[in-house]
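Engineer: Here is a sequence with its predicted model. Questions after.
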Amino acid sequence: MLIRLEGVVLRTRDYGEGHKIITLFTREQGKLGAVARGAKKPRSRLAAVTQPLTHGLYLCHAGGELATLSQGEVLHAFSRIRDDLIRTAYAAYMLEVTDRLLAEREAHPRLFDQLVGILQQLEAGKDPEILTRIYELHALAASGFRPHLDACVACGRLEAAAFSVREGGFLCSACQQTDRDALPLAPAAVRVLRRLARVDVGQIGTINVKPETKAQLRRLMRAFWEEHVGLRLKSRDVLERLESWTEERPAPLE
């Protein structure tokens, strides 16, 4: 049976001498694998549509554990992302988050739209770290790991003074002492985190976040991931080295 899918290529691996197996995140069927026969050959009509990060339309023969890719059409190649080392690293991280968090053949159409929209925003030059935080929050929610950001996880008050990694959510000033390891948060970090968790990709405008707030959110998300998800991501290690390098660079002379 032929099926038509809109998808983003999350990763590829070689299969035999001239073939590839690609992992697609599709709007219609979620994450699935497909064999792309001959795609490694330079003149293959499938070569362009099977590159990681490609957003396209795919015609597949369904059946069995793996589909077979018959045709494809590139909708977005995201060439401006590919030409920038930093943005490529952030995009690779978002793709790996998607691949590692989602189960096979479970549709998440809203998350799919978020991924495509955020990649478009990334290519347009929006802040890559903030876009990544937005996508992390949406991906965690879709996979059942959503942090509790609406109120204090201990008493329900709306005030938030710290984040308890152990409890997976905010603690108010009165309950902060219940977790000695809770991460203190500035009010700005609380406001930004709540806003990022609610924002839709179509609503992303100019989001200016101070470096110290970004650093708090980065530490919080890393600690939450390690405690509740526990997956080691190769792309995160690369991204953190790049972030460390950009933080250490001297400011340009004016």
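Structural biologist: Received it, and whenever you're ready, just let me know what you need.

Engineer: And the helices in the protein, which stretches?
Structural biologist: 79-82, 85-101, 109-123, 128-142, 187-198, 211-224, 234-248 (DSSP state H).

Engineer: Please pull out the lowest mean pLDDT helix or strand from this structure.
Structural biologist: Of the helices and strands making up the chain, the lowest-confidence element is helix 234-248, at a mean of 79, by mean pLDDT, DSSP states H and E.

Engineer: Mind listing what's buried along it?
Structural biologist: Neighbour counts over helix 234-248 (16 or more other CB atoms under 10 Å) mark S235, R236, V238, L239, E243 as buried. Glycine gets a C-beta too; all of them are placed from N, C-alpha and C.

Engineer: Adding distance to L140, write the residues you listed out as TSV.
Structural biologist: TSV is the format used below for these (distance: CB to CB, whole Å):
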residue	distance to L140
S235	16
R236	14
V238	20
L239	17
E243	20
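
Engineer: closest to E65 among those residues?
Structural biologist: S235 (25.3 Å; CB to CB).

Engineer: Tell me what the residue lying closest to E106 once chain neighbours are set aside is bridged to.
Structural biologist: Distances taken as CB to CB, 6 or more residues apart in numbering put G30 closest to E106, at 4.4 Å, once the chain neighbours are dropped. When assigned by DSSP bridges, G30 has beta-bridge partners T26.

Engineer: G30: what's it in contact with?
Structural biologist: By CB atoms under 8 Å, 6 or more residues apart in numbering, G30 lies in contact with L102, A103, E104, R105, E106, A107, H108.

Engineer: now do 10 Å
Structural biologist: 7, 24, 98, 102-109, 111-112, 142 (CB atoms under 10 Å, 6 or more residues apart in numbering).

Engineer: Do you know the pLDDT at the residue nearest in space to the middle of the chain?
Structural biologist: The chain has M94 as the residue nearest its centroid, 2.8 Å off, counting by CA atoms, centre = their mean. Looking at M94, its pLDDT is 98.

Engineer: what's the spacing between it and A107?
Structural biologist: Remark: distance between M94 and A107 (CB to CB, to the nearest Å) = 19 Å.

Engineer: same question, K41
Structural biologist: In terms of CB to CB, K41 sits 32 Å off from A107.

Engineer: which strands and helices sit next to the least confident helix or strand of the chain?
Structural biologist: helix 85-101, helix 128-142, helix 211-224 (3 or more CB pairs under 10 Å, 6 or more residues apart in numbering; DSSP states H and E).

Engineer: can you rerun that using 6 Å?
Structural biologist: Judged by 3 or more CB pairs under 6 Å, 6 or more residues apart in numbering; DSSP states H and E, the packing partners of helix 234-248 are helix 85-101.

Engineer: can you list contacts of the helix it packs on?
Structural biologist: With contact meaning CB atoms under 6 Å, 6 or more residues apart in numbering, helix 85-101 is reached by 10, 25, 53, 81-82, 122, 128, 132, 135, 139, 143, 231, 233, 235-236, 238-239, 242.

Engineer: so it versus helix 109-123, what angle?
Structural biologist: 170 degrees (axes from the mean of the first three to the mean of the last three CA atoms, to 10 degrees).

Engineer: the inter-axis angle of helix 85-101 versus helix 234-248?
Structural biologist: Going by the same axes, to 10 degrees, helix 85-101 is angled at 150 degrees with respect to helix 234-248.

Engineer: and helix 85-101, C-alpha only, in CSV?
Structural biologist: Only the C-alpha atoms of helix 85-101 are listed here, as CSV (Å, rounded to 0.1, in the frame of the first residue of the first chain):
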residue,chain,number,x,y,z
LEU,A,85,28.0,25.6,12.6
ILE,A,86,26.1,26.9,15.7
ARG,A,87,22.6,26.6,14.2
THR,A,88,23.4,23.2,12.8
ALA,A,89,24.4,22.0,16.3
TYR,A,90,21.1,23.3,17.8
ALA,A,91,19.1,21.7,14.9
ALA,A,92,20.9,18.4,15.4
TYR,A,93,20.1,18.4,19.1
MET,A,94,16.3,19.0,18.4
LEU,A,95,16.3,16.1,15.8
GLU,A,96,18.0,13.8,18.3
VAL,A,97,15.6,14.8,21.1
THR,A,98,12.7,13.9,18.7
ASP,A,99,14.2,10.6,17.7
ARG,A,100,15.1,9.5,21.3
LEU,A,101,11.9,10.7,23.0
